[in-house]
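Novice: below: sequence and its predicted model.
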Amino acid sequence: MTHTDPITLPQPAEDAPESIRHLNTLLDTLDSRLVTWAEQTTAWLAATPRITSTAVDKVIRPAVEALLHQPGSPFAGAGFVANLGLLAPDRSYIAWWQGDDMERVDALANFSPQPVSRYMRAEWFRVPVSTGLPHVTGPYIDLLCTDEYVCTFTHPVFRDGLVAGIVGLDITAQNLEVMALASLRTLGPEAALVSDAGRAIVAVSPSVDPGDAVHAAPGSVSYRLGRHFTAHTAVMPVG
């Protein structure tokens, strides 16, 4: 997949409630941080004649540390995953850290005898690599990293016009709830923020949990937010 033109983020209608505007700004801010990091990483890849694991760690680790340690950071983890061929023909490479103590994630995968590591089959890697477009996965239980419900925001990075890998951010469903619940409550007691896959991310109703499959209830008003989300004034479980 080759490099695509930048996407203009949609904005709420002028008559949208203030809470919708707040949610959209929140999500756009998260997305913008990832876009900026992807652009910086793409520029570094273009300027570096030979990509090595040492070079990747030297560039990616400080960027992750800045993201995780910024005041009020909502991020649980972040990193870079190389596509096949960037470092070696049949090898990938993961440079991902989590938590305040910057624990490295799945470092042993880089020395595995298997040429294709398990994370390369994960939605958060596979979709942006195959489409050349940013993606949000989840909420899902992140067994690779946090063991919590998370949303993983990933964005492709490019070299010579081709997808060279992805950069990504993990945000726990709990942190998203802290950020978004007050605004959702102004929309109604059954309001929810829902992913493009139809999964509840944050819900006002205690009967809806992160990751539940939901759809808009009859009479609900829906607002498109950013690239990947919709806020419904009321939702119902699927089935």
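Specialist: In hand now; what should we look at?
Novice: alpha carbons only for contacts and neighbour counts from here, please
Specialist: Will do.
Novice: pLDDT below threshold where in this structure?
Specialist: Applying pLDDT under 70 to the chain flags residues 1-15, 107-109, 111-117, 143-147.
Novice: show me where it has its helices.
Specialist: 18-47, 53-69, 123-131, 173-185 (DSSP state H).
Novice: highest average neighbour count across these?
Specialist: Burial among those, expressed as mean neighbours by mean count of other Cα atoms under 10 Å, is greatest for helix 123-131, which shows a mean of 20.
Novice: give the buried residues for stretch 151-171.
Specialist: Of the residues in stretch 151-171, those with enough neighbours to count as buried (16 or more other Cα atoms under 10 Å) are 151-159, 162-171.
Novice: also stretch 189-206?
Specialist: Buried residues in stretch 189-206, defined by neighbour count with 16+ other Cα under 10 Å: 190-195, 198-204.
Novice: Ala46: which of the residues you listed is nearest?
Specialist: Taking Cα to Cα as the measure, Ala46 sits nearest to Ser195 out of the buried residues of stretch 189-206, at 32.9 Å.
Novice: in contact with that closest one, which residues?
Specialist: Applying Cα atoms under 8 Å, 6 or more residues apart in numbering, we find Ser195 in contact with 138, 201, 228-230.
Novice: is the closest residue to Asp57 other than its chain neighbours bridged to anything, and to what?
Specialist: Leaving aside its chain neighbours, Asp57 sits nearest to Ala95 (6.4 Å; criterion: Cα to Cα, 6 or more residues apart in numbering). With DSSP bridges as the criterion, Ala95 is bridged to Phe80.
Novice: any idea how far Ala95 is from Glu148?
Specialist: Relative to Glu148, Ala95 is positioned 20 Å away (criterion: Cα to Cα, to the nearest Å).
Novice: the two: who's more crowded?
Specialist: Between Ala95 and Glu148, Ala95 has the larger neighbour count (other Cα atoms under 10 Å), namely 23 against 17.
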